[in-house]
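Novice: sharing a sequence plus its predicted fold:
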Protein chains: 2
Amino acid sequence: MKFGVVIFPSKKLQDLVNSYRKRYDPHYALIPPHLTLKNAFEATEEDAKDLADKLRQIARNTNPFSLKTSKISSFQPVNNVIYFKVDKTEELAALNSQVNQEFSEQNPDYAFVPHITIGQKLSNDEHSDVFGSLSMTKLDHEETIDRFHLLYQLENGSWTVYETFRLGKE
Amino acid sequence: MKFGVVIFPSKKLQDLVNSYRKRYDPHYALIPPHLTLKNAFEATEEDAKDLADKLRQIARNTNPFSLKTSKISSFQPVNNVIYFKVDKTEELAALNSQVNQEFSEQNPDYAFVPHITIGQKLSNDEHSDVFGSLSMTKLDHEETIDRFHLLYQLENGSWTVYETFRLGKE
């Protein structure tokens, strides 16, 4: 089965993100708005406990940190994903790096662009229209992140939370 | 904002439940298959940390327990909810009772019918058809529950996990 590791931002930011996803993101109903720390990967249900132990350890050694977003960007020409660009702070990059090192030999650090998707799987024309009208949008949001989550995917494509990891606790 | 407390069963059981919900439950896209421990209630985001502290304490004092389901039932004539009936074991009733006592003066224990919804908001005719064809379905499923979750609801009606509580840990 597939697992993933994500941060869910505050309800306020999730509601804002969903106001876009509703129209532009076909994954809208499958998972709440999130910042991906580790992309979907294969593991067994039995592995989940070990994964969780490792993530719990990482969480304990990580302090809560600030998440800031101030603009809407796009991954074009790589793909047509439109997203809230999240500042790549040291703390966020370190957390991403630790989570990924725990689960694979390669270090995909170089490719980490922290983001919260608001639109994807758009045609090139849709992407141009939507991004054209959103790219000048000014955001000014900052909040504290104090937890992240290990999720698994159901057969219908939706995601369920396996466990929450609170930063710096216990 | 609204919070709720639920158990997510295993992926296997969630997938089975979703095969019914897809057709019969308009909440299919809003929340994964679940057993409700505490119905939606109002609280502030600031309250969430206290709620979580209390639930963490309850979880520590509760051992993992077995969840069994063997038949499909309906709440008719009270409402047209069709569900997997879950055995009301001592452990499950005790957990439900503790979670509810923590958050309200009344003890709603008498009304606790542990269930996992597979269909709801059906017309009377739909309910008769669907329940008629499902009521003889034999289930034989047992699994271990070792965690539950505090959720909050977004503006679009969907639910995000705030925190997971592992039973009997730490």
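Specialist: It's in. Please read all numbers here as calculations on a predicted model, not as lab measurements.

Novice: for chain B, what are the nearby residues on chain A?
Specialist: A:1, A:8, A:10-11, A:14-15, A:18, A:22, A:29-30, A:32, A:45, A:147, A:149, A:152, A:154-156, A:158-164, A:166, A:170 (CB under 8 Å from any CB of the partner chain). All C-beta spots, glycine's among them, are computed from the backbone N, C-alpha and C.

Novice: just the buried residues of those.
Specialist: Buried by 16 or more other CB atoms under 10 Å in any protein chain shown: A:1, A:8, A:10-11, A:14, A:18, A:29, A:32, A:147, A:149, A:152, A:154, A:156, A:158-164, A:166, out of the residues of chain A next to chain B.

Novice: so the most far-flung residue of chain A relative to its centre is in which element?
Specialist: Centroid-distance maximum for chain A: A:Asp125 at 25.6 Å, with CA atoms, centre = their mean. Here A:Asp125 sits within helix A:124-134, counting by DSSP states H and E.

Novice: show me what counts as buried in that helix.
Specialist: A:127, A:130-131, A:134.

Novice: which other helices and strands contact that helix?
Specialist: For helix A:124-134, the packing partners by 3 or more CB pairs under 8 Å, 6 or more residues apart in numbering or on different chains; DSSP states H and E come out as helix A:11-24, strand A:65-74, strand A:82-86, strand A:115-119.

Novice: need the residues that contact that helix.
Specialist: Helix A:124-134 is contacted from outside by A:20, A:24, A:72, A:74, A:76, A:80, A:82, A:118-119, A:122, using CB atoms under 8 Å, 6 or more residues apart in numbering or on different chains.

Novice: could you pick out the buried ones from those?
Specialist: So, by 16+ other CB under 10 Å, the buried ones in these are A:20, A:24, A:72, A:74, A:80, A:82, A:118-119, A:122.

Novice: return the member of those residues nearest to chain B.
Specialist: Nearest to chain B among the buried ones among the contacts of helix A:124-134 is A:Tyr20, at 11.7 Å by CB to the nearest CB.

Novice: per-residue pLDDT, that closest one?
Specialist: In this model, A:Tyr20 is scored at 97, pLDDT.

Novice: contact partners for it?
Specialist: A:Tyr20 touches A:82, A:118-119, A:134, counting by CB under 8 Å, 6+ apart.

Novice: A:Leu151 versus A:Leu30, what's the distance?
Specialist: 11 Å (CB to CB, to the nearest Å).

Novice: and the helix or strand bottoming out on mean pLDDT in chain A, what does it pack against?
Specialist: None of the helices or strands of chain A scores lower by mean pLDDT, DSSP states H and E than helix A:90-103, at a mean of 90. Judged by 3+ CB pairs under 8 Å, 6+ apart, helix A:90-103 is in contact with strand A:35-42, helix A:47-60, strand A:65-74.

Novice: center of chain A - which residue?
Specialist: With distances taken as CA atoms, centre = their mean, A:Leu35 lies nearest the centre of chain A, 1.7 Å away.

Novice: could you find the closest non-adjacent residue to it?
Specialist: Of all residues not flanking A:Leu35 in the chain, A:Ile7 sits nearest, at 4.4 Å (CB to CB, 6 or more residues apart in numbering or on different chains).

Novice: A:Ser10 against B:Met1, yeah?
Specialist: No - using CB atoms under 8 Å, A:Ser10 is not in contact with B:Met1; the gap is 10.5 Å.

Novice: now for those two: what residues contact both?
Specialist: B:Glu45.

Novice: give me the distance from stretch A:18-27 to the chain's centre.
Specialist: The chain centre lies 15 Å from the centre of stretch A:18-27; the measure is CA atoms, centre = their mean, to the nearest Å.

Novice: and which of the contacts of helix A:124-134 is nearest to A:Ser66?
Specialist: Nearest to A:Ser66 among the contacts of helix A:124-134 is A:Ile72, at 19.5 Å by CB to CB.

Novice: need the pLDDT of that closest one.
Specialist: We have a pLDDT of 97 for A:Ile72.

Novice: what sits against it?
Specialist: A:82-85, A:118, A:131, A:134-135, A:137, A:139.

Novice: for chain A, which spans come out with low pLDDT?
Specialist: Where chain A drops to pLDDT under 70, the residues are A:104-110, A:169-170.

Novice: returning to that earlier point: CSV for the helices and strands packed on helix A:90-103, including distance to B:Lys49?
Specialist: CSV is the format used below for the helices and strands packed on helix A:90-103 (distance: least, CB to CB, whole Å):
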stretch, distance to B:Lys49
strand A:35-42, 21
helix A:47-60, 16
strand A:65-74, 17
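
Novice: no more questions from me, cheers.
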